[in-house]
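**Q** Any chance you could fold what I've pasted below:
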Amino acid sequence: MVVLRFCGVVQGVGFRPLVYRTATELGLCGGVYNDHSNAIVLISPKKHLKLRAIKPMRLVRFYPCATALLDPSALESSMRLLDSLLPKLPALASISHIAIYPLYKAFSIIPSLAAIDLSALQAQFHILPSYLSTHLSPCSPNHLPNHSPNSPSISPTLPTIPTDSATCNDCLQEIFSPTSRFYHYHLCACTNCGARYSIIDSLPYDRARTSMRGFPLCAACKQDFRTPSSRFYHAQPISCNACSIELRLVDSRTNSVLARNYAGIELCARLLAQGEIVCIKGLGGFALICDSANEQAIARLRERKNRPHKPFAIMCKNLAQARELADLCKEEEDALTSLAAPIVLARIKSKAKPTPKPQKPELNTIGIVLANTPLHHLLLDIFPNPIIYTSANLESQPIITTAQEAASLAHITPYVLDIDREILHGIDDSIVRYIDSQIRPIRLARGQTPHITPLPCTNTAPLDSRSIIALGAGEKITPTLATATHAILTPYLGSLQSPKSLARLEDNLSVFLPHIPAPTLIISDTHPRFETTTLAHNLAKEHSATHLSLYHHHAHHCAIWGEMARDETERILSIVWDGSGLGADGSIWGGEFLLGDCKEIARVGHFMPFALLGGERAITEPKRIAYILAKCAGHSAMIARYEQILEPPLIALAELKPPVGHTTSSVGRLIDGVAHLLGLVDSITYQGQAGALLESIAQEAPTKDPYPYTITHSGIIQWQEMIAAICDDVLALESSFATQESTLESTFATKAHIAYKFLYTLAHIAKSFALRIIADGIRVGLSGGVFQNKLLCEILGSMLKESGITYSYHTLVPCNDGGIAFGQAIFASRVMLQYPNPR
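**A** The predicted structure is shown next:
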């Protein structure tokens, strides 16, 4: 008997039913079952089968030590199965590799309720219960009698947990078909869609190990569950109106149920029409919604959630409605309609109908997500407008997953639309943006994680039974688990500034840790005050592991290197621009040019540091940064202006040599200062606010000359002349308004042109520095949160192409701090491979 071990996303995606149907059609005998995070297929020999020469297949791994033990007819049957199976994989499935070897060990004592033995697998094909994985143990090639240390090995596999996905078209038809038993049912799901990660308690993935376990199936659902031709065949989340999981609209002030099931959705729509805010349950948590055309409702939501400026996402019924709000390219439309159903940041349509109001009027972008659950579809089928859609959580708290937590938001809304199925693992919405001709991740969460990816340059890595936990930095935490060869990107968590956030992180890790080798390396940022640093220290103690730390921008470098590297010795020039991170010299970095592979990284250039006047308060009060920039530039008129509005003690601090406050080379903080010089922002209330404002107002200027700047021989970007020129343009603009002149002395004396020229200059700096460094095929990688700015990225991309420079932005992980853990994991994996016992 031959064993085929399918590794990848093969559980909870309709893979076993597909194998069953395909094997049955081919007349094969054997069985298939889930084994931890893999799918195991057993193929029995078949008599009188014409044997063919075995052709190499990209995903298939044969092992020399095992080939001689394979039955030829069973092997031929296996290859015929693969020929037919692989071209028609389910939409949610993906296979990393397939290992083929003999069943060296037969059944051990199997519980009597199994009612199946080895002879049954020689007569027909079966879907076997997952608990048999503890009794039926096909031996891996690593333990075969002829296996030698030089033979290829199967590396320890990471748990391949399926992601939550949007409602498929078939289920959508069902919920709107009056003759269907799923008509108007709020939890319709099949093998191709619905909740997965958010409801999984443990692996292997079966209904008994999910939050569906307490809901018995009706006769019709049982029949579908057992019928191979049904798309509900072995669909673990199946339920219908006859075995309904109740939906309730509750008034949390009185704890009274206002309506149930579809009537609850109808009442929710009426409340939205009346200008109310409602808290509704989604796949990974609760969301706050209101009418996107009701300015008073949006204002109340902003006030009650303490979110004065940060944009809200908007949920549309379908693509047609989204097109009324935004100018969408094909790639953005494909992302919106994908099974991951992320929030897509797109450009607002100039004459959108109805006028979208989730963002402040100065922004030209809008976050759009399409209805992605039956509840969403049913609600937006009744309610005519798109809805404001934002996660139901307070600042620094994780997304809410229970009705009890939702009731605690009564100060925002008393109305809670709950479904009686537990969310076991909270998960936010993913966010993507189309930048420089590709969809780029901004936040990895629902529909995109958990995700397993091979680590770069590890094809020849030896078998290693150790693992890594990488925790990221202080914000946008997206932990990564890894072995020496593969990493699993786990869902975004945000910050760890509250006990609930820390508990959510521990809960998320608990899903994966039982299925990976014992962690021996725990890696975090070097910053001593980050919660992740403390947690890493504690986890290292708990697991008797080594705690490694990596500088923030080195982790960014490793992350983009990990997406680009062709071999483990390749050096790249990484341009890492962000808001802040502790540098190797103890100062705050953020405008870095780094050269190296993932082990040896040199700082070859950076922006000239400047003081954060008064410390961290400068991050939220950009007037402090603007003042220091003007002083560094020696612009007396602008200095005088700021000294009229700043408190005398701050001015006194700025006069000290050096000024009191941390110094930083941050491009993100430089952008904050320029935005204040332009009068775009008085206070920063969310990350990236200044950059978003600059991008939104920027208009291409009639010249391609950058503002002046200098790059010193030692690689220091001296930006003082640029700031002086910007100050000149700002004052010229104000002077022209004061005198009502129609012709400005400065060509760029409009805010839109100044903003564009500033971003153009940043791109020019990056290109100029790259031209100084690149040689012998060195490529350029760009990382850090500044590169979420679409306009900057596309200006820079055009410049690099024109200069013949090969470059890469992130496509696997976010360029922001959500990619830090991935970079840490890559660094730790090289340490693991280099040192047998890194302690």
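
**Q** Off-centre distance for the strand ranked longest in the chain?
**A** Looking across the chain with DSSP state E, the single longest strand is strand 572-582. Chain-centre distance of strand 572-582: 20 Å, with CA atoms, centre = their mean, to the nearest Å.

**Q** One more: stretch 215-229?
**A** 34 Å.

**Q** cool, and stretch 758-766?
**A** 28 Å.

**Q** Let's test this: mean pLDDT of it, rounded?
**A** For stretch 758-766, mean pLDDT is 98.

**Q** Check stretch 797-808 too.
**A** Stretch 797-808 comes out at a mean pLDDT of 97.

**Q** mind listing what's buried in stretch 85-97?
**A** For stretch 85-97, the neighbour count (16 or more other CB atoms under 10 Å) marks 85, 89-90, 92-93, 95-97 as buried. In this view, the C-beta of every residue, glycine as well, is placed from N, C-alpha and C.

**Q** now stretch 763-772
**A** Buried, per 16+ other CB under 10 Å, within stretch 763-772: 763-767, 769-770.

**Q** Map the structural domains onto the sequence of the protein.
**A** Taking the TED database as the criterion, the chain consists of the domains 2-127, 247-431, 447-552+818-834, 602-780.

**Q** Between strand 572-582 and the longest helix along the chain, find me the angle.
**A** In the chain, taking DSSP state H as the definition, the longest helix is helix 751-773. Note on geometry: by axes from the mean of the first three to the mean of the last three CA atoms, to 10 degrees, helix 751-773 and strand 572-582 are set 120 degrees apart in direction.

**Q** Counting by contacts, list what helix 751-773 packs against.
**A** Applying 3 or more CB pairs under 8 Å, 6 or more residues apart in numbering; DSSP states H and E, one finds that helix 751-773 makes contact with strand 572-582, strand 588-596, strand 601-607, helix 689-697, strand 710-711, helix 720-739, helix 790-802.

**Q** Partner strands of the third one, with direction?
**A** When pairing is defined by DSSP bridges, strand 601-607 lines up against strand 588-596 (antiparallel), strand 716-718 (parallel).

**Q** What is the very next helix or strand once past that strand packed up against?
**A** Downstream of strand 601-607, the first helix or strand assigned by DSSP states H and E is strand 610-611. The contact analysis (3+ CB pairs under 8 Å, 6+ apart) places strand 610-611 against helix 622-633, strand 663-664.

**Q** For the last one, what is the distance to the chain centroid?
**A** Its chain's C-alpha centre lies 30 Å from the corresponding centre of strand 663-664 when counted by CA atoms, centre = their mean.

**Q** average pLDDT for it?
**A** 94.

**Q** What's the first helix or strand after it?
**A** Strand 663-664 is succeeded, C-terminally, by helix 667-677 (DSSP H and E).

**Q** which helices and strands does that following helix pack with?
**A** Of the remaining helices and strands, those touching helix 667-677 by 3+ CB pairs under 8 Å, 6+ apart are strand 572-582, strand 588-596, helix 617-620, helix 622-633, helix 689-697, helix 720-739.

**Q** any idea of the angle that helix forms with helix 720-739?
**A** Using the same axes, to 10 degrees, helix 667-677 lies at 20 degrees relative to helix 720-739.

**Q** No further queries at this time; thank you.
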